[in-house]
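Student: Let me see the structure of the following:
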Amino acid sequence: MITWKKITNQTHKGVTPLGKVAFIFPGQGSQKVGMGKDLVEEFNECKSIFETADAQVGLNLSDIIFNGNDEDLTVTYHAQPAILTTSIALLEKIKEAGIKADYVAGHSLGEFSALVASGAISFEDGVKLVHKRGLLMDKAVPVGQGAMAAVLFLAPEKIEEVVSEVNKQGHSVGIANYNSPTQVVITGDAPGVQLASGLIKEAGAKRVLPLKVSGPFHSSLMKPASEEFENELGKINVDTCSIPVISNVTAKAITEADEIKELLVKQLFSPVKWNQSIQELVDLGVDTFVEIGPGKVLTGLVKAISPSSKLVNVYDVETLKQFLNEWEEIKSC
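Tutor: All right, here's what the predicted structure looks like:
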């Protein structure tokens, strides 16, 4: 992990202020059995957050997270509320220290953590909403009928051309994620993704890796789930953001409640424009990215997109304390 001491700019007059800061939140796939357990043992506030999540989703989610197995935790409707809860538990300790972001963003599911961080959605509504989202996504396409694959080192334009040709043959395949300049994920019906993967290799991709997922996320096959999800969104209160959120769908900053709702529905069947979102944040003056939540996937992607950016991971008690201690040292300089 790059520490706060290392990411500040040194001058002969001392420490210069950091530029703009973005908090970024991981999505599905970053879950790990045991995540957040040390937070609950260390901080009563974090324990309360996990207890609230259990009550909102109507099951002992905490036990699945802390003591379960990978198979149970990976189930979409467990993984999504589990990751959001862990991320928000970490965020609450950061907020308690008075540390604020200029912008927030999240990868797919992580956008809901970002919206909670922005004040647009309460944690109670957010965790309940993503649990329902997971259930809807899980039932939208029967297991085995959909697939996803990561493509490494092939221009997105080439991948889009292959996908277009495959769809002309009666398949439903699309781009799920524009993750970085060198990584794109495709999604859709299983035979179509398999066909596209072979053609993409022939087109010059360095690697095409099938992903272990339960469905074709961010594909047109998720449109039935999006219609039901829109009804669920109508049941909760969505406010104007106090911190701008970069939308996965548009890669632009949003703050208004109506736009948030519209784009969250579209997000289920639209590509996650993560590469474009990070580029937008850099253009907005962000030079420091703090990934809050399990794993280090997003900072790896940011490094590939913007190598000069300053990166921090906060994923457990140790990294949280280090972050808070070094922030205090910088403020006192």
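
Student: In three-state terms, how would the nearest residue to Thr255 once chain neighbours are set aside be classified?
Tutor: In this structure, Thr255 finds its nearest non-sequential neighbour in Cys241, 4.3 Å apart by C-beta to C-beta, 6 or more residues apart in numbering. (C-beta placed from N, C-alpha, C; glycine too.) What DSSP: H, G, I helix; E, B strand; the rest coil gives for Cys241 is coil.

Student: Next up, phi/psi of Cys241, please.
Tutor: Dihedral pair for Cys241: phi -70, psi 140, per degrees, to the nearest 10.

Student: So Val75 sits against Asp138, correct?
Tutor: Yes - counting by C-beta atoms under 8 Å, Val75 touches Asp138, with 7.3 Å between them.

Student: joint contacts of the two?
Tutor: Common neighbours of Val75 and Asp138, counting by C-beta atoms under 8 Å, 6 or more residues apart in numbering, are Ser214.

Student: so who does Thr250 touch?
Tutor: Counting by C-beta under 8 Å, 6+ apart, Thr250 has contacts 263, 273.

Student: Begin at 57 from now on, thanks
Tutor: Yep, numbering from 57; the last one is Thr306 now.

Student: From Ala309, how far off is the residue nearest to Thr311?
Tutor: Between Cys297 and Ala309 the computed distance is 9 Å (C-beta to C-beta, to the nearest Å).

Student: And the contacts of the helix or strand hosting Phe106?
Tutor: According to DSSP states H and E, Phe106 maps onto helix 100-113. Residues outside helix 100-113 that contact it (C-beta under 8 Å, 6+ apart) are 92, 95-96, 116-118, 121, 137, 140-141, 144-145, 148-149, 152, 179-180, 183-184, 187.

Student: Over to stretch 211-228?
Tutor: Against stretch 211-228 from outside (C-beta under 8 Å, 6+ apart): 207, 229-231, 234, 240, 242, 244-245, 247-248, 251-252, 255-256, 259-261, 275-277.

Student: Strand partners (parallel or antiparallel) of the helix or strand Met204 falls within?
Tutor: Met204 belongs to strand 202-208 when elements are defined using DSSP H and E. Note on strand 202-208: by DSSP bridges, its sheet partners are strand 239-245 (antiparallel), strand 263-266 (antiparallel).

Student: Dump those to TSV, plus mean pLDDT and mean neighbour count.
Tutor: Below are these laid out as TSV (pLDDT from 0 to 100; neighbours: other C-beta atoms under 10 Å):
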stretch	mean pLDDT	mean neighbour count
strand 239-245	97	26
strand 263-266	96	15
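
Student: Nearest approach to Val353 belongs to which of the ones you listed?
Tutor: strand 239-245 (10.7 Å; C-beta to C-beta).

Student: Could you point out the helix or strand that follows the closest one?
Tutor: Following strand 239-245 toward the C-terminus (DSSP H and E): helix 246-258.

Student: hey, C-alpha coordinates of that following helix in CSV?
Tutor: In CSV, the C-alpha atoms belonging to helix 246-258 read as follows (Å, rounded to 0.1, in the frame of the first residue of the first chain):
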residue,chain,number,x,y,z
ALA,A,246,-23.0,-18.6,-22.9
PRO,A,247,-22.7,-19.9,-26.5
GLY,A,248,-22.3,-16.3,-27.8
VAL,A,249,-19.6,-15.5,-25.2
GLN,A,250,-17.8,-18.7,-26.1
LEU,A,251,-17.9,-17.9,-29.8
ALA,A,252,-16.9,-14.3,-29.3
SER,A,253,-14.0,-15.4,-27.0
GLY,A,254,-12.6,-17.5,-29.8
LEU,A,255,-12.9,-14.8,-32.4
ILE,A,256,-11.4,-12.2,-30.1
LYS,A,257,-8.3,-14.5,-29.6
GLU,A,258,-8.0,-14.7,-33.4
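
Student: Fine by me, thanks again.
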